[in-house]
Structures are given as C-alpha cells and as structure tokens.
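Undergrad: Give me a model of this one.
(chains A and B)
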Amino acid sequence: MSSDVIARLESLLDRVIARRAVARLVPAPPVAPPVVASSPAPRAITPEPPRPEARVEARRPEAAPVAPAPVVIEAAPEAPAPVVIEAVVEAPVALVEAAPVVTAAPVAEAPKPVVIEPVPEEPAVEAPKPLTAPVEPTLVSRRNLEAHSVAPAAPPSAAAEAPKASLPLPGPAKISRADDRIAASFAAGASVSPGLGDDDADHVETLAFRVGRALPKPGQVPAPPLPVTTRDEPGERRSDPGERRSERYTASLPSAPIAAQIAEPAARPAPASLRSLLQRSLALRPRG
Amino acid sequence: MATRLHPLASAVTVDLAHGRIELKTPSLARAVAVPATWLARAIAALGDGVDPLAKSLAESVAKDAAMILDGTADPTPEEVAYSIALALGQRGFGTCGFERFGDALTLLWNFPPATDASFHRFATTLVAKVVSDVTGVPTHAAVLSTHADGLTLFLGADAACALVRERAARGDAGPQILATLLGGASA
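TA: Have a look, this model is predicted:
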C-alpha cells in the first residue's frame, strides 16, 4: 500500500470522525417538542394534593417564629407538634380536646389548629397556572378540574366547561344531601351536642340511622313494674281490669259476715306492715 | 328497699350457643330450663317427699327476698310482695302479691309451674316457709282457690288452714270459705 493511499484513507477517516463529532454537537431536532409539551403538562396539572400532615409540616415553620422558642423547649419540648397533628388527622373533636394542652404551654397561639381544618377542601391553586393549552380532561385529575373551573382566571374554553358536564361538582349537592339527612335525623329525634361541628353532626346522625331509630336519651329505660296487688278495700276491683282472678274473687263475695268485716276495717287505720296483717290473719279461728 | 339493685331484666341470661342459662342471683350461678309440666310431674312423683324439696327452694327464695328487702325493719306488704315475686320470677316460678279480706290475708301466686291438686302441697309448703322466713312470723298456708293461671293461698294458723283445706276439698268456693272463717272470728 502506498503512502498516498494511506494518506487518503487517513483523510477519509478524519472526515468520518469529524462528521460524527459535528452530528453530536448539533441540537436535537424539533421532533421532540410534542413529547416535551405533553409530558410536563400532566406533571404540572396533576400535582397530588398535600396530605394534612404535610400541610401541618409546611405551616409549622410559619408559626414557629411567632412562638417563643426557649419557652417551648423548657415547658413541653415534644408536646405541641404531635398534639396538633393528631387533632387534624382524627377529628375536629380532638381539636377541642387538644386545645387546652396547647394553651397550657406558652405556645398557645403557635399551632392555630383552627386554620388547619379546611385543609382537605382547599384546591391546589397553583396547579392551573402552567396551563397554556387546552388539556384533555382524561389527563386531568378531578380535583384540579374542579379548581380549574372554579378559578376565575381560567379561560372559558371547552376544557373548563367539560368537567361541569361530565364530572358534576359534588360540593353543593353533597352539602344539601347532608343537610337533608341531618334535618331528618333531627326530625327523628336525634340530638347533637352544641359543641360539635357539621362533620360531627353528620356522624351523629349517621349513627342514629345505623341504629334505626332515634338515639335513646339517658334515663329513658323504664323500671320494671312492681308485681304488687295488695289492697285494703276488698269490695272494689283491683287496679288492673285484665286480672281475671280479681273479677272472679270480688264478684263472689256476697256473704254478710264479710260485708260486716269490710265496714269495720274501713273505720280503723290500715295496718302498715305485712307482719301485723299476718298476725291478724293468724288470729282467725274456725267457727265451731 | 334496694329494689333497683335487682332489676328483673338482667337477672337471667340465656346463652343458646352453649346451652346455658346464667342467673344473676347470689345463690345460684346457673340454671337448667325444664318445662313446667316436667317439673309438675316430678313434684307429683315425689309424693310425701316433696316437703324437703319445697323447703329447700323456699330457703333460697327467702334468702334472695331478704337481700332485696335490704334489712328493712318492718316491710310493707308491697315491699315483701316485690321481693318474693322477684325471687320467684328469677327462677321461673311466676310472681305473687298479697290481698286482704277482712282479717284474712291471702297470697296470689300468679303463673306457678302448675295449679293442679298434686302441686298444692308443694305450693303451701313453699309459700308458708318463704313468708315465715321473710316476716319472722311462723305461718301456715292452704290453697283457697285455683284459677287457670294461678293459685290463691290463705295464710293463717294451722287450724284455720285445716278448715280451708277441708272446705276446698269439698269444692266450696274461696269466698265462702273465707266467710266461714271471718264469721267464726267475729262470733
């Protein structure tokens, strides 16, 4: 192989290497944009709503500077944070119970548990902002569609109206249904303590419906009736007209000696104890 | 009287899954349900040996009744009737109450296990023992009349009870027997 041929081959190799290097340096062709445009949109539109715990964690730094830190550490180092979290997770009733624990420490205003109550209902307001193009409703979560349709800045496009047609808003209807059920429970006699909120009232009436009747009030259990039929007036009927024995007994008391005895005890004071009655009965002796 | 401490509603617990009947009484922890007709047959078959059985049951009933009376010094007829009726009812023996006709005191035993003549001896022995133990006054009893769902027993002296038994065996009605007794007392 001659040196000329070798030189040509080398030049060809250099060209090939140079072309490949140029091809690497050239930016990506414009085929990617649709992929790029479709992929970030759901990421921006459908953020998962933060859990209550996360919100509490996120808001805690805001409240932290208000609270005097050294006093918190000295009084109750671990107490405020877990108490507030438990109250938010479980029920608003626990908030009321947890309040004294928080106020007992000087950090009373720091947690502000009342602010945390509407956490699950708050829509992610920041989510619709990146929306620049109409998005298919199937790619958008229900919560964000609701927020998007409620938001005043949202464009009145088909994407904004679609949720109203296909996904009806559960908010007002659900509230009205809950109101109807609570009203029905009140009509049925269920009582709700005044310290409970709407959610608790709904819970109480649900229990009442589960039971099938109004919740019993304390002290309504009737006492067993006294099976006592002692009488002082033998001529009269007993208090219960359904007693066949008393009817039969009183209807067949025609004898004169008994009538005389009836008249006599009426004038005397009635004996108070069974023992005295028994002694009088023991004094009876058969005639002859 | 501590009647509210002995509610009749919670006195008996029937556990069908285990075939057990639990009594919430201090004297008995468990009961066995026996048809009343079987019990009546067993009592009738005992013959003269029915007295120990009746007295044994009477002691148990009187003990519960005394506990229900809770140390009341001189209880009224209503209180005694309630205590005995509750103690009887916890055993499935019905209820009872007192009536007075002149000086004659009677006990109405409602819904006893049986009302036929073979049950009368057991009934009189039981009632006399219970009333005697609760009141502290020795008493005898005799069946004055019988109805479809109960017995009327006269409470008095032995001689008066013998007369009641004799007249009742002859078929005399209860009021006539009482009239005889009361006429004799007034004479």
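
Undergrad: Could you list the low-pLDDT ranges of the chain?
TA: No chain specified, so I'll use chain A. Across chain A, the ranges flagged by pLDDT under 70 are A:1, A:24-176, A:178, A:181-271, A:287-288.

Undergrad: Chain B is the one I meant
TA: In chain B, residues with pLDDT under 70: B:1-10, B:25-29, B:184-187.

Undergrad: Which residue ranges of it form strands?
TA: Applying DSSP state E to chain B gives strands spanning B:12-15, B:20-23, B:30-31, B:95-101, B:104-110, B:140-147, B:150-156.

Undergrad: wait, does the longest one contact chain A?
TA: Yes. Counting by CB under 8 Å from any CB of the partner chain, chain A is contacted by strand B:140-147 at B:145, B:147. C-beta here means a position set from N, CA and C on the backbone, and glycine is covered the same way.

Undergrad: Direction included, what does that strand pair against?
TA: Looking at strand B:140-147 with DSSP bridges, its partner strands are strand B:150-156 (antiparallel).

Undergrad: sorry, back to before: export the strands of chain B to CSV and tack on mean neighbour count?
TA: Output for the strands of chain B, formatted as CSV (neighbours: other CB atoms under 10 Å in any protein chain shown):
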stretch, mean neighbour count
strand B:12-15, 12
strand B:20-23, 15
strand B:30-31, 12
strand B:95-101, 25
strand B:104-110, 25
strand B:140-147, 22
strand B:150-156, 26
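
Undergrad: looking at the ones you listed, which is closest to residue B:169?
TA: Of all those, the one in closest proximity to residue B:169, counting by CB to CB, is strand B:140-147 (9.7 Å).

Undergrad: Give me the distance from the closest one to the chain's centre.
TA: 11 Å (CA atoms, centre = their mean, to the nearest Å).

Undergrad: who touches that strand?
TA: A:244-245, A:248-249, B:106-107, B:115-116, B:120, B:123-125, B:127-128, B:131, B:151-158, B:160-162, B:164-165, B:168, B:173-174, B:177-178 (CB atoms under 8 Å, 6 or more residues apart in numbering or on different chains).

Undergrad: angle of that strand against strand B:104-110?
TA: 50 degrees (axes from the mean of the first three to the mean of the last three CA atoms, to 10 degrees).

Undergrad: so strand B:140-147 versus strand B:95-101, what angle?
TA: If you take the same axes, to 10 degrees, strand B:140-147 sits at 100 degrees to strand B:95-101.

Undergrad: residue at max distance from the center of chain B?
TA: In chain B, residue B:17 marks the outermost C-alpha relative to the chain mean, sitting 32.3 Å out by CA atoms, centre = their mean.

Undergrad: Quick check: phi and psi on that one?
TA: phi -60, psi -30 (degrees, to the nearest 10).

Undergrad: From chain A, how far out is it?
TA: With distances taken as CB to the nearest CB, to the nearest Å, residue B:17 is found 24 Å from chain A.

Undergrad: residues contacting that residue?
TA: Not one residue lies near residue B:17 by CB under 8 Å, 6+ apart.

Undergrad: again with residue B:119
TA: B:40, B:43, B:44, B:112, B:113.

Undergrad: check contacts around the closest residue to the fourth one other than its chain neighbours.
TA: The shortest distance from residue B:112 to any residue that is not its chain neighbour, by CB to CB, 6 or more residues apart in numbering or on different chains, is 5.0 Å, and that residue is residue B:94. For residue B:94, the contacting residues are B:88, B:109, B:110, B:111, B:112, B:113, B:150, by CB under 8 Å, 6+ apart.
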